[in-house]
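>>> What would the 3D arrangement of this be:
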Amino acid sequence: GQVVDYLCLLGDASDNIPGVPSVGPKRARRLLQSYGSLEEVVARAEDAGGDFVLSEKIRQSIRDSKVRIAVNAKLIRLVRNLDLSAELRSLSGAGSRPPAGGDASWGNDLDVLRVGLGRGDQHRKERMEEAIEEYEFTSLRKNIDRIFGER
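Have a look, this model is predicted:
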């Protein structure tokens, strides 16, 4: 609904989704209140009729950002048709029994799922650091030592 439309215009810094230049919270809210939907905002920005609520600069910014708005919509909308029928055990990467040889670090499936990145704190930390780098989770990177109790 309108939350998605609002975020498509405004962007979402926490997810690295850029907004439409010159459109802040007040302007995004005003546009959606005036036109009801993101699709209508874009349509009115392209209309040369001139009944657009805001300036020509904003109309141009929205026109120039059509691709960005479409990408934002795909990134922000919730996917509601995922098949989540996989069994919990298959997601953990662990079997139902400890490995042969009685590995003391094995732990139960829920412990493995808690971090979901492997067995043993050092292994988890290394895997987490790799994921943090790959997905550019900058704020999490700053707290990794605290998460693993090293500070």
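
>>> looking at it, residue 8 is touching residue 76, isn't it?
Yes. Look at residue 8 against residue 76 with C-beta atoms under 8 Å: they come within range, at 6.1 Å. The C-beta positions use only the backbone N, C-alpha and C, and glycine is treated the same way.

>>> Those two: which is more packed in?
The neighbour comparison of residue 8 against residue 76 (other C-beta atoms under 10 Å) goes to residue 8, with 29 against 17.

>>> Spell out the secondary structure type for the more buried one.
The three-state label given to residue 8 by DSSP: H, G, I helix; E, B strand; the rest coil is helix.

>>> Contacts only, for it.
By C-beta atoms under 8 Å, 6 or more residues apart in numbering, the contact set of residue 8 is 19, 38, 69, 72-73, 76.

>>> at 7 Å what do you get?
38, 69, 72-73, 76 (C-beta atoms under 7 Å, 6 or more residues apart in numbering).

>>> Could you tell me which of those residues count as buried?
38, 69, 72, 76 (16 or more other C-beta atoms under 10 Å).

>>> Report the secondary structure element holding the closest residue to the first one other than its chain neighbours.
Sequence neighbours aside, residue 5 is the residue nearest to residue 38 in space, at 3.7 Å (criterion: C-beta to C-beta, 6 or more residues apart in numbering). Assigned by DSSP states H and E, residue 5 belongs to helix 2-10.
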